[in-house]
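# I would like the atomic coordinates for the input below:
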Amino acid sequence: MHEHQDLSVPFERDPHRGRTPIDDSHLTPFTEISRADWARLSDQTPLPMTPEEVTEIRGQGDPLDYAEVNDIYRPISRLLNLQVMTAQHLRNLRQSFLQEHFRRTPFVIGVAGSVAVGKSTTARLLRLLTARWPETPRAQLITTDGFLYPTAELKRRGILERKGFPESYDRRALLRFIADVKSGKDRVEAPVYSHISYDRVPGERIIVERPDVLIVEGLNVLQPARPRADGRLGVAVSDFFDFSIYVDAKEDDIRRWYIDRFLTLRQTAFSNPESYFRSYADLSDSEAIERAGHVWDTINGPNLKENVRPTRGRADLILRKGSNHQIHSVLLRRI
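This next block holds a predicted model:
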């Protein structure tokens with residue numbers, strides 16, 4: 001079952017021993033559903049998608065196939081469709097009760113998880129499936145990569161090697177963006193990030209114009225709010241989410257997938273003359289494996305342990321992958 005993390009420790013009174021911690025290690029807000037049981041739900045859901053589209057959408061090193069879409073993502077798309085309709089109905093009732101002018105706002109979905117776990121593929125797939133429901137034809141996806149500080153600024157702050165850690169993002173700009181989207185603002189802009197230049201693209205923007213659904217994908221999107229200088233609790237990006245998903249796997253598996261992806265990129269994106277990582281294209285297999293392992297052990301692994309994985313319990317849905325990259329169970333929040 002899911003490892004529930006609770007910041008508070010409940011106590012019970014023992015008249016002879018005083019206050020004694022209650023063992024709540026067995027408690028969890030999630031119901032774990034096996035792949036077989038979850039796949040049975042796909043019978044209730046149409047799948048307007050072809051095997052060719054699945055091939056086009058999967059990321060580097062992610063062996064997503066049509067069976068995975070059919071068994072796992074087909075029911076998820078229906079669940080999200082139900083969530084959207086329920087949220088819209090509740091919003092209409094509340095606005096009617098408060099005698100407010102009706103203004104439709106986007107349903108925002110957060111997708112989190114480690115580097116190389118496959119969250120980008122998950123986000124792209126959900127955008128495509130969500131857009132095919134009649135209630136949500138306008139679905140958009142943005143990644144938080146665009147809100148990373150520019151490389152020059154990261155160098156100025158001395159945190160270039162901390163890229164991907166929470167402090168490497170322009171959190172204020174990201175919060176402003178998501179708040180504007182959720183408030184129903186007609187037009188909101190987000191920066192564009194290039195994985196070739198490993199930096200923001202100057203002058204380029206993604207335009208978000210009141211979509212039905214906005215999917216926000218990123219490492220740290222489920223981070224809780226931080227206390228302010230005055231002691232008050234701040235606002236978190238996740239406060240604006242209507243639903244959230246965490247893509248999970250064992251760290252040893254993710255590390256291996258990261259190294260495999262690094263080896264693939266060495267022959268593709270890294271070989272681009274414009275690539276920030278052009279020098280990696282000339283590494284031998286053993287050198288590339290050593291370099292990728294070092295990057296994982298000093299950057300991505302620590303970030304996963306310190307910042308990403310601790311947010312797992314804040315998700316509404318957790319997708320658990322096995323060593324073969326296939327999802328073997330789904331954990332759905334029940335409370």
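# Tell me where the model's unsure across the stretch 1-150 of the chain.
For the stretch 1-150 of the chain, the stretches flagged by pLDDT under 70 are 1-26, 47-48, 59-61.
# CA atoms of stretch 124-138 as CSV?
The C-alpha trace of stretch 124-138 is given here as CSV (Å, rounded to 0.1, in the frame of the first residue of the first chain):
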residue,chain,number,x,y,z
ARG,A,124,1.0,14.6,-23.4
LEU,A,125,-1.3,11.5,-23.6
LEU,A,126,-3.8,13.0,-21.1
ARG,A,127,-4.0,16.2,-23.1
LEU,A,128,-4.8,14.3,-26.2
LEU,A,129,-7.4,12.1,-24.6
THR,A,130,-9.0,14.9,-22.6
ALA,A,131,-9.4,17.0,-25.8
ARG,A,132,-11.5,14.2,-27.3
TRP,A,133,-14.2,14.4,-24.7
PRO,A,134,-17.1,16.6,-25.9
GLU,A,135,-17.0,18.6,-22.6
THR,A,136,-13.3,19.5,-22.9
PRO,A,137,-12.3,20.0,-26.6
ARG,A,138,-9.8,22.7,-25.7
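# Can you list the residue ranges for helices in this structure?
35-39, 51-57, 66-68, 74-97, 119-130, 151-157, 171-182, 251-267, 285-295, 301-303 (DSSP state H).
# So for residue 196, which of the ones you listed sits nearest?
helix 251-267 (10.7 Å; Cβ to Cβ). Backbone N, C-alpha and C define where each C-beta goes, glycine included.
# any idea of the mean pLDDT for the closest one?
The average pLDDT for helix 251-267 rounds to 93.
# Also stretch 176-193?
In this model, stretch 176-193 carries a mean pLDDT of 95.
# Just the buried residues of it, please?
Buried residues in stretch 176-193, counting neighbours by 16 or more other Cβ atoms under 10 Å, are found at 177, 178, 181, 182, 188, 190, 191, 192, 193.
# Run a quick neighbour tally on the residue lying closest to the last one once chain neighbours are set aside.
In space, residue 193 comes closest to residue 145 once its chain neighbours are excluded; the distance is 3.8 Å by Cβ to Cβ, 6 or more residues apart in numbering. Neighbour count for residue 145, taken as other Cβ atoms under 10 Å: 20.
# ok, now residue 328?
Quick note: residue 328 (other Cβ under 10 Å) scores 16 neighbours.
# residue contacts, the closest residue to it other than its chain neighbours?
Closest residue to residue 328 apart from its sequence neighbours, by Cβ to Cβ, 6+ apart: residue 322 at 4.6 Å. Residue 322 is in contact with 249, 253, 328, counting by Cβ atoms under 8 Å, 6 or more residues apart in numbering.
# just the helices of the chain: most buried one?
Stretch with highest mean neighbour count among these: helix 119-130 (a mean of 23; mean count of other Cβ atoms under 10 Å).
# so how far is it off the chain centroid?
Centre-to-centre, helix 119-130 and its host chain are 10 Å apart (Cα atoms, centre = their mean, to the nearest Å).
# sorry, back to before: closest one to residue 233 among the helices of the chain?
Closest among the helices of the chain, using Cβ to Cβ: helix 171-182, at 13.6 Å.
# Quick one: list the elements packing against the closest one.
Helix 171-182 sits against strand 107-113, strand 188-194, with contacts defined as 3 or more Cβ pairs under 8 Å, 6 or more residues apart in numbering; DSSP states H and E.
# make it 6 Å
Secondary-structure packing of helix 171-182 (3 or more Cβ pairs under 6 Å, 6 or more residues apart in numbering; DSSP states H and E): strand 188-194.
# Please identify the pairing partners of the strand it packs on and their relative orientation?
Sheet partners assigned to strand 188-194 using DSSP bridges are listed as strand 199-208 (antiparallel).
# Buried residues, the strand it pairs with. List them.
By 16+ other Cβ under 10 Å, the buried positions in strand 199-208 come out as 199, 200, 206, 208.
# Excluding chain neighbours, what is closest to the first one?
Excluding its sequence neighbours, the residue lying closest to residue 199 (Cβ to Cβ, 6+ apart) is residue 151, at 4.6 Å.
# I'd say that neighbour and residue 197 touch.
No. Using Cβ atoms under 6 Å, residue 151 makes no contact with residue 197, being 8.4 Å away.
# From residue 80, how far out is residue 45?
The gap separating residue 45 from residue 80 is 11 Å, by Cβ to Cβ, to the nearest Å.
# Now for the residue lying closest to residue 167 once chain neighbours are set aside, how many residues are close by?
Closest residue to residue 167 apart from its sequence neighbours, by Cβ to Cβ, 6+ apart: residue 159 at 6.1 Å. By other Cβ under 10 Å, the residues close to residue 159 number 14.
# Also residue 296?
23.
# cool, residue 210 as well?
Residue 210: 17 neighbours (other Cβ under 10 Å).
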